[in-house]
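A.B. asks: Output the structure for:
(chains A, B, C and D)
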Number of protein chains: 2
Amino acid sequence: MNIGQVARLSGLPAKTIRYYEDIGLIRPQRSENGYRSFRETDLHKLGFLGRARSLGFSIEDCRSLLELYGDEDRASADVKSIAQGHLHKIDAKIAELTAMRATLAHLIHCCAGDHRPDCPILADLAVSHDTGSGE
Amino acid sequence: MNIGQVARLSGLPAKTIRYYEDIGLIRPQRSENGYRSFRETDLHKLGFLGRARSLGFSIEDCRSLLELYGDEDRASADVKSIAQGHLHKIDAKIAELTAMRATLAHLIHCCAGDHRPDCPILADLAVSHDTGSGE
DNA sequence: CCTTGATCTTCCAGTTGCTGGAAGCCCTAT
DNA sequence: ATAGGGCTTCCAGCAACTGGAAGATCAAGG
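C.D. replies: Okay, the predicted model is just below:
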């Protein structure tokens, strides 16, 4: 299979597939004309990568997961550990965004949003706050 | 004021302040020796930038907000519009992360996490799903 | 056989928002 | 004079691609 077909089947852009080869996630063979020649296992790995990435795993996590996937003697604890680490990062990010969202939504609510210049959003950004326990 | 003091007062790294000058967010004067010389207004702007960034506004949003902040004839609607656009992006991001989190937490819950190789996390990543209405 | 257009190749640059480091000048204190 | 800190510039790198240029290859049509 050439890269175009693999891109169609895997749903990944050809550019991304080349990039994954560059960084050593996959190692497709080459035809005599220099074209990449993908086997079923390559396609399978790309699907794996696409799904792992869509769950937000970093490329390095994906590399580890792919390695564990190919290791018959893996311990599921190693996989679980990676997933839990990622889950913690997601939770931290959600918490951060939720805090931003709350402040932002409040400011937006307070802003008339008309032709006048008075704006509580700008007023808030203009003064320093303490990060502490305000109500 | 030199950059070190401004960094201390604003809480922003000196590198970041230089970067903000590079991209034209601030325009500190220069002393005769070539050092940046910050006025109160520069410090104020840097505080504004720090707070806007901490709410997750992009640099380009910050540029617009700073411009509106300095424009006595602004309409608060313009500020509100930027903030609302940003809020939508945050909401989209939260939704994306929450969906990831749900899938990931489920998989983690299903994984024994012991010395054995059987792992529902890897099993899930290994097969293609439809994005549709599964339960 | 030749041309056209799609597909493939490599390589370089750009994205976002900084951050680290090198090389070198300036300033103060001893 | 020298040591140290702070300041300057510029270049590289992070994550994970993405876009584009320049050129080879292939399949189909006239």
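A.B. asks: Assess the claim that A:Tyr20 and A:Arg36 are in contact.
C.D. replies: No: using Cβ atoms under 8 Å, A:Tyr20 and A:Arg36 do not qualify as a contacting pair, with a distance of 11.1 Å. The C-beta positions use only the backbone N, C-alpha and C, and glycine is treated the same way.
A.B. asks: between those two, who's got more neighbours?
C.D. replies: The residue with more neighbours, out of A:Tyr20 and A:Arg36, is A:Tyr20; 23 against 19, by other Cβ atoms under 10 Å in any protein chain shown.
A.B. asks: Show me which residues of chain A sit near DNA strand D.
C.D. replies: A:13, A:15-16, A:19, A:32-34, A:53, A:58-60 (Cβ under 7 Å from any atom of the strand).
A.B. asks: Let's see which of those end up in helices.
C.D. replies: Secondary structure from DSSP state H places A:15-16, A:19, A:53, A:59-60 of those in helices.
A.B. asks: want to throw the residues of chain A next to DNA strand D into CSV with pLDDT, distance to A:Pro117 and neighbour count?
C.D. replies: Output for the residues of chain A next to DNA strand D, formatted as CSV (pLDDT from 0 to 100; distance: Cβ to Cβ, whole Å; neighbours: other Cβ atoms under 10 Å in any protein chain shown):
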residue, pLDDT, distance to A:Pro117, neighbour count
A:Pro13, 97, 46, 11
A:Lys15, 97, 46, 10
A:Thr16, 98, 47, 16
A:Tyr19, 97, 48, 13
A:Glu32, 95, 70, 6
A:Asn33, 95, 66, 7
A:Gly34, 95, 63, 6
A:Arg53, 97, 45, 16
A:Ser58, 97, 44, 14
A:Ile59, 97, 47, 14
A:Glu60, 97, 49, 10
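A.B. asks: Distance from the chain centre to stretch A:52-59, please.
C.D. replies: In terms of Cα atoms, centre = their mean, to the nearest Å, the centre of stretch A:52-59 is set 5 Å apart from its chain centre.
A.B. asks: roughly how far apart are A:Glu96 and DNA strand D?
C.D. replies: Remark: distance between A:Glu96 and DNA strand D (Cβ to the nearest atom of the strand, to the nearest Å) = 17 Å.
A.B. asks: what about the longest helix in chain A?
C.D. replies: helix A:76-110.
A.B. asks: Pull out the buried positions in that one.
C.D. replies: Of the residues in helix A:76-110, A:76, A:78-80, A:82-83, A:86-87, A:90, A:93-94, A:97, A:100-101, A:104, A:107-108 count as buried by neighbour count, 16 or more other Cβ atoms under 10 Å in any protein chain shown.
A.B. asks: Show the contacting residues for A:Arg116.
C.D. replies: A:Arg116 sits next to B:75-76 when contact means Cβ atoms under 8 Å, 6 or more residues apart in numbering or on different chains.
A.B. asks: In terms of helix, strand or coil, where does it fall?
C.D. replies: coil (DSSP: H, G, I helix; E, B strand; the rest coil).
A.B. asks: which phi and psi does A:Arg36 have?
C.D. replies: Phi and psi for A:Arg36, reported as degrees, to the nearest 10, are phi -70, psi 140.
A.B. asks: Show the model's pLDDT score for the residue lying closest to it once chain neighbours are set aside.
C.D. replies: Closest residue in space to A:Arg36, ignoring its immediate chain neighbours: A:Pro28 at 4.5 Å, by Cβ to Cβ, 6 or more residues apart in numbering or on different chains. pLDDT recorded at A:Pro28 is 98.
A.B. asks: buried set for the next helix or strand after the longest helix of chain A?
C.D. replies: Remark: after helix A:76-110, the chain's next helix or strand is helix A:120-126, criterion DSSP states H and E. In terms of neighbour count (16+ other Cβ under 10 Å), helix A:120-126 has its buried residues at A:120-122, A:124-125.
A.B. asks: swap in stretch A:48-65?
C.D. replies: For stretch A:48-65, by 16+ other Cβ under 10 Å, it's A:48-57, A:61-65.
A.B. asks: Pick the one among the residues you listed closest to B:Met1.
C.D. replies: Nearest to B:Met1 among these: A:Gly56, at 42.0 Å, using Cβ to Cβ.
A.B. asks: Tell me the secondary structure at that closest one.
C.D. replies: coil.
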